[in-house]
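**Q** Below are the sequence and a predicted model for it; my questions follow.
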Amino acid sequence: MSVLVKNGQNVRNIVRALVEEKGREKSELIPILQDINGQFGYISDEAIKELSERMNIPGSHIYSVATFYRMLSTEPRGEHVIQFCESAPCHVAGGRLVWEKLKQELGLEKGETSDDEKWTLLTTSCLGVCGVGPVMIVDNNIYGNVTPEQVPGILSQYN
């Protein structure tokens, strides 16, 4: 069995340290999952198992929480995650053309991660900023009124 390692530390040690730091209360589950996701880019089965043992919470419950929230992932993601709004207001404002340009520039389809693990391309429903559609988020940065011509420049900011 291989052990997930990041910067010389394995996931079990990191989970143990997070539980010791934050506590074993159920209310700390989401903050701990956010930290694991932030450090590894996703929440592995190994992390869920260790967290279950440390917090005495069924693994199935931890998995359901980890898959419920869009900010968390149980699959590896790229260094930069792009979320593109596919709601009707963004679509009407030219979102389809922006989406096609994004796919072309990245060489990715919806839900894919680049071979170099730099990019993950996701779609999402409304991001809550319909007045400035089309909208996309790269990591935690929101871009509104995006045109196909702006896509290469936006992406270049993350090189």
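**A** All right, it came through fine.
**Q** The nearest residue to residue 32 once chain neighbours are set aside in helix, strand or coil?
**A** Using CB to CB, 6 or more residues apart in numbering and skipping the chain neighbours, the partner closest in space to residue 32 is residue 18 (4.9 Å). All C-beta atoms are positioned from the backbone trio N, CA, C, and that covers glycine. Three-state assignment for residue 18 (DSSP: H, G, I helix; E, B strand; the rest coil): helix.
**Q** okay, residue 18: pLDDT?
**A** On the pLDDT scale, residue 18 is placed at 95.
**Q** And for it, the neighbour number?
**A** Close neighbours of residue 18, defined as other CB atoms under 10 Å, add up to 22.
**Q** what residues are up against it?
**A** Residues near residue 18 by CB atoms under 8 Å, 6 or more residues apart in numbering: 32, 35, 36.
**Q** Tell me the one among those residues nearest to residue 76.
**A** residue 36 (12.7 Å; CB to CB).
**Q** any idea of the mean pLDDT for the helix or strand harbouring the closest one?
**A** Assigned by DSSP states H and E, residue 36 falls within helix 29-40. On average, the pLDDT along helix 29-40 is 93.
**Q** do the same with stretch 61-81
**A** Averaged across stretch 61-81, pLDDT comes to 91.
**Q** buried ones in that stretch?
**A** 62, 65, 66, 72, 73, 74, 77, 78, 80, 81 (16 or more other CB atoms under 10 Å).
**Q** my read: the second one touches residue 34, true?
**A** Just to be clear, that refers to residue 65. No: the criterion here is CB atoms under 8 Å, and residue 65 misses it with residue 34 at 10.8 Å.
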